[in-house]
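# Here is my input; please provide its structure:
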Amino acid sequence: MPCAAIVPAKDESARIAATIAAVQQLDGVDLVIVVDDGSTDGTADIARSCGVHVVRHRSNRGKAAALSTGAEAAAAELTGEHLLLFADADLGPSAAALGVLLAPVASDEADMSIAVLPPQQTSGGGHGLVVRLARTGIEDLTGWAPTQPLSGMRCLSRTAYLVAQPLARGWGVEVGLTVDVLRAGLRVVEVPCELQHRVTGADWRGQVHRARQYRDVALALLLRRRSGRRS
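The predicted model follows:
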């Protein structure tokens, strides 16, 4: 089954080339789509120079919108059922480890696989509040407690992607995907994956990022409690 790798990117000029090079080498990936979500640092130009399909948002619209744009572009290129591999742009060379996510979905053992990352080389500055909110919320709504509820690296079938429409906004997208796919009666597995990415720091920018994450995750969970599934 064909697979499109979707790489949402915002100001990732320092890492995007290495991430693309690693993803391009993955067995089973037929198409790489970079969605430049309003970058100001030349990310799109670097991605184009790597020979991949690039779609650009003129302004920053958030991760969920970038994933949706990438999935739409993939559907235009790949006919029929296909896999989608979501890969963060800051993985660099470690993106070469993403291949383990494809097998469970390609073999029909699961409808969505989620990467479980090892301890990162650089420690973050958070206190786990967003992770706890996400894990508890997913368990309350589905009965399943994920190890890493905010993991953005996932492989899913086109069918699984469609049952989660519309995607939860912004940084709530991963939580929304997990809840919606499970509630649809589809299968989700976690897969250990040797990935390293840039960790959000403890400075004011990092705290603002975590506040936005908390807001978006809380909203995704709240709306699913109220309506049964919609974001």
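# Okay, strands next: where are they in the protein?
3-9, 31-37, 53-57, 83-86, 112-116, 154-157, 188-192 (DSSP state E).
# and the ones you listed as CSV, adding mean neighbour count, distance to A75 and mean pLDDT?
Just so you know, the C-beta spots here come from the backbone N, C-alpha and C atoms, and that holds for glycine as well. Formatted as CSV, those follow (neighbours: other CB atoms under 10 Å; distance: least, CB to CB, whole Å; pLDDT from 0 to 100):
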stretch, mean neighbour count, distance to A75, mean pLDDT
strand 3-9, 26, 9, 97
strand 31-37, 26, 11, 97
strand 53-57, 18, 12, 97
strand 83-86, 26, 9, 98
strand 112-116, 24, 17, 97
strand 154-157, 26, 13, 97
strand 188-192, 17, 22, 97
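# got CSV for the ones you listed, with distance to A64 too?
Shown next, in CSV, are the strands of the chain (distance: least, CB to CB, whole Å):
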stretch, distance to A64
strand 3-9, 9
strand 31-37, 10
strand 53-57, 12
strand 83-86, 11
strand 112-116, 16
strand 154-157, 13
strand 188-192, 18
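# looking at those, which is closest to Q148?
strand 112-116 (5.3 Å; CB to CB).
# What helices and strands are in contact with the worst-scoring helix or strand of the chain on mean pLDDT?
Every helix and strand of the chain was ranked by mean pLDDT, DSSP states H and E. The lowest is helix 204-227, at a mean of 85. With contacts defined as 3 or more CB pairs under 8 Å, 6 or more residues apart in numbering; DSSP states H and E, helix 204-227 has these neighbours: helix 129-142, helix 173-183.
# Poorly predicted segments of this protein, please.
122-127, 199-204, 206, 228-231 (pLDDT under 70).
# Spatially central residue in it, please.
By CA atoms, centre = their mean, the mean C-alpha position of the chain lies nearest to G152, the distance being 3.3 Å.
# Burial check on the residue lying closest to that one once chain neighbours are set aside, number of neighbours?
Of all residues not flanking G152 in the chain, D88 sits nearest, at 5.1 Å (CB to CB, 6 or more residues apart in numbering). Using other CB atoms under 10 Å, D88 has 22 other residues around it.
# Make sure D88 is actually in contact with P8.
Yes: using CB atoms under 8 Å, D88 is in contact with P8, at 7.3 Å.
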